[in-house]
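one predicted model, sequence on top.
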Amino acid sequence: MGLGTVLICGAGIAGPTLAYWLAREGFRPTVVERARGLRSSGNPVDVRRGAAHVAGRMGIMPRLRDAATHATGFSFVTASGRRIGPLRLGRPHRGEVEVPRADLSAILCDAARDDAEFLFGDAITALRQDTGGVDVTFEHAAPRRFDLVVGADGLHSSVRTLVFGPETDFVRHLGLYVATLPLDRLAADPATILMYNAPGRSLTVHPVRGSEGAAFIFRGPARPGLDRRDVEAHKRITLDAYAGWPAPAPPVLPELLERLRAADDLYFDSVSRVRLPAWSRGRVALLGDAASCMSLFGDGSSLAMIGATTLAETLAVTPEDHAAAFRAYETRHRKASGPSQRGHTLASALLVPATHTGITVRNLTACLLPRVPTPPPRSAGSK
């Protein structure tokens with residue numbers, strides 16, 4: 001007898017993608033999400049290459065194009081206010097888009113909603129597996145039994161902790177933090193992302209779809225025991241990091257710090273690498289950031305979509321043998337996710353140079369990069 005019921009923890013990117021494909025392979029997926037609804041914040045993410053192909057197969061590319069950001073270029077702003085750029089944003093393959101992460105998650109959930117059960121505002125508190133299935137205890141819902149459980153619940157995966165062990169065994173802080181918030185105001189330049197830098201700190205203003213968002217990315221040591229749900233602590237950490245920005249500070253900095261103090265929709269986390277010797281244990285498997293992807297840098301959202309599709313495909317090939325399916329999924333997807341994890345050092349040096357010298361070298365290098373073409377001047381008689 002083949003497998004039937006699959007509990008997926010997490011309604012971000014990987015979870016609803018997996019639910020969509022499992023339902024089409026004859027499985028009965030249930031998605032549980034701790035949040036009561038989908039987030040409205042988060043940084044824009046790319047849907048690239050293999051993920052764009054997945055989105056096309058799901059029939060969601062028109063919605064993704066409608067939700068796409070308008071940015072075509074990226075400019076570094078020097079301390080004197082001079083812009084280096086706009087540098088060309090590389091999306092060389094047809095069909096690739098950048099969308100706000102919250103919009104991508106919402107579109108994926110909508111695609112899966114008719115064929116999967118969603119439990120928002122709940123969480124897994126205990127898992128007990130045997131040779132025939134997994135008994136799951138929830139915070140609110142009645143206990144249930146599933147054939148398989150998949151942890152697609154991100155960097156701080158509760159499924160990983162319950163089944164594989166404490167987070168400290170698998171997650172390594174990479175020396176950076178990121179905080180993002182929507183600004184709810186029209187972008188002065190809807191086509192260009194602006195980045196300001198001081199040693200160990202960057203401040204980015206992204207035009208998104210005409211209504212700006214801000215990102216604070218900064219270097220800092222690991223903070224063991226930090227409550228990832230303590231928004232006030234996250235604000236203090238970020239405000240402390242941006243205090244004493246060397247003069248002349250960016251003109252936008254005071255306003256953005258005030259908005260940060262007042263924000264009630266703040267995304268905050270460390271930039272970390274997740275590494276495990278195996279992505280499955282018995283009838284439980286890990287997917288997306290819970291298993292391997294590195295937060296912030298690389299192609300995390302695209303890899304989550306690709307990994308979810310791969311897992312659904314391997315389970316469909318051997319529905320009576322979940323262990324073989326999990327091994328095949330891991331073998332295939334480790335090859336895809338490895339290069340992304342190795343790109344951290346270069347990305348951090350580019351976006352958050354640690355010293356004044358590093359900023360200078362980065363800016364000089366940026367002057368040599370391809371620019372967004374300048375539109376030809378309009379003739380006097382044009383309309």
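That came through fine. Numbering: from 1, shown residues only.

hey, let's count contacts and neighbours off CA atoms from now on
Fine.

show the pLDDT at Pro44.
Per-residue confidence (pLDDT) for Pro44: 87.

contacting residues around it?
Residues counted as contacts of Pro44 (C-alpha atoms under 8 Å, 6 or more residues apart in numbering) are Thr69, Glu98, Val99, Pro100, Arg101, Val208.

for it, which residues make a bridge with it?
Per DSSP bridges, the residues bridged to Pro44 are Pro100.

pretty sure Pro16 contacts Leu108?
Yes. Counting by C-alpha atoms under 8 Å, Leu108 is a contact partner of Pro16 at 5.7 Å.

who has more neighbours, the two?
A direct count of neighbours by other C-alpha atoms under 10 Å for Pro16 and Leu108 places Pro16 higher, at 31 against 26.

name the surrounding residues that touch whichever helix or strand Ser105 is part of.
Per DSSP states H and E: Ser105 is located in helix 101-113. Contacts to helix 101-113, defined as C-alpha under 8 Å, 6+ apart, come from residues 11-13, 16-17, 19-20, 38-45, 58, 60, 63-64, 67.

the residues you listed in strands, which ones?
Pro44, Val45 (DSSP state E).

which of the contacts of helix 101-113 fall in helices?
Of the positions in the contacts of helix 101-113, Pro16, Thr17, Ala19, Tyr20, Met58, Arg63, Leu64, Ala67 sit in helices, assigned by DSSP state H.

residues near the last one, how many?
Neighbouring residues of Ala67 were enumerated by other C-alpha under 10 Å; the total is 18.

for it, which non-adjacent residue is spatially closest?
Val99 (6.0 Å; C-alpha to C-alpha, 6 or more residues apart in numbering).

where does the chain have low pLDDT?
Along the chain, the parts satisfying pLDDT under 70 run over 1-3, 39-42, 90-94, 294-298, 338-345, 374-383.

if we go to 80?
Residues of the chain that meet the criterion pLDDT under 80 lie in 1-3, 37-42, 89-95, 210, 293-299, 337-347, 372-383.

for it, what's the longest strand?
Counting by DSSP E, the longest strand found in the chain is strand 171-186.

pairing partners for the helix or strand following it, with directions?
Counting by DSSP H and E, the next helix or strand C-terminal to strand 171-186 is strand 192-198. With DSSP bridges as the test, strand 192-198 is paired with strand 73-77 (parallel), strand 201-206 (antiparallel).

mind checking how far the longest one is from the chain centre?
Mean C-alpha position of strand 201-206 versus that of the full chain (C-alpha atoms, centre = their mean, to the nearest Å) differs by 17 Å.

which helix or strand contains Tyr329?
Tyr329 belongs to helix 322-341, assigned by DSSP H and E.

helices and strands around that helix, which ones?
Counting contacts by 3 or more C-alpha pairs under 8 Å, 6 or more residues apart in numbering; DSSP states H and E, helix 322-341 packs against helix 300-317.

next one: Ala106 from Pro16, what distance?
According to C-alpha to C-alpha, to the nearest Å, Ala106 and Pro16 sit 9 Å apart.

nearest to Ser80, of the ones in helices among the contacts of helix 101-113?
Proximity of those to Ser80 was ranked by C-alpha to C-alpha; the top entry is Ala67 with 34.5 Å.

three-state assignment of Glu98?
Three-state assignment for Glu98 (DSSP: H, G, I helix; E, B strand; the rest coil): strand.

I'd assumed Leu194 was in contact with Ser75.
Yes. Ser75 is in contact with Leu194 according to C-alpha under 8 Å; the separation is 5.0 Å.

ok, back up a step: and the very next helix or strand once past the helix holding Ser105, which strands flank it?
Elements were assigned by DSSP H and E; along the chain past helix 101-113, the next helix or strand is strand 117-120. Paired strands of strand 117-120, with direction, are strand 28-33 (parallel) (DSSP bridges).

the partner strand vs helix 101-113, what angle?
150 degrees (axes from the mean of the first three to the mean of the last three C-alpha atoms, to 10 degrees).

could the C-alpha coordinates of strand 28-33 be exported in PDB?
Output in PDB follows, covering the C-alpha atoms of strand 28-33 (Å, rounded to 0.1, in the frame of the first residue of the first chain):
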ATOM      1  CA  ARG A  28      -3.200  14.100   0.800                       C
ATOM      2  CA  PRO A  29      -1.100  17.000   2.100                       C
ATOM      3  CA  THR A  30      -1.900  19.100   5.200                       C
ATOM      4  CA  VAL A  31       0.100  22.300   5.900                       C
ATOM      5  CA  VAL A  32       0.400  23.600   9.400                       C
ATOM      6  CA  GLU A  33       1.700  27.200  10.000                       C
END
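
so what touches it?
4-11, 15-16, 19, 22-23, 115-124.

distance between it and the chain's centre?
For strand 28-33, the distance to the chain centre is 20 Å (C-alpha atoms, centre = their mean).

buried residues in the helix or strand harbouring Thr161?
Assigned by DSSP H and E, Thr161 belongs to helix 158-163. By neighbour count on 16 or more other C-alpha atoms under 10 Å, the buried set for helix 158-163 is Ser158, Val159, Arg160, Thr161, Val163.

okay if I get the residues you listed as CSV plus distance to Arg259?
Compiled in CSV, those are given as follows (distance: C-alpha to C-alpha, whole Å):
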residue, distance to Arg259
Ser158, 31
Val159, 34
Arg160, 35
Thr161, 35
Val163, 40
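
tell me which two of these sit farthest apart.
Longest span within the buried residues of helix 158-163, C-alpha to C-alpha: Ser158 and Val163, 8.6 Å.

what's the neighbour count on Asp184?
The number of residues packed around Asp184, counting by other C-alpha under 10 Å, is 10.

now it: how far from Glu212?
Asp184 is 6 Å from Glu212, where distance means C-alpha to C-alpha.
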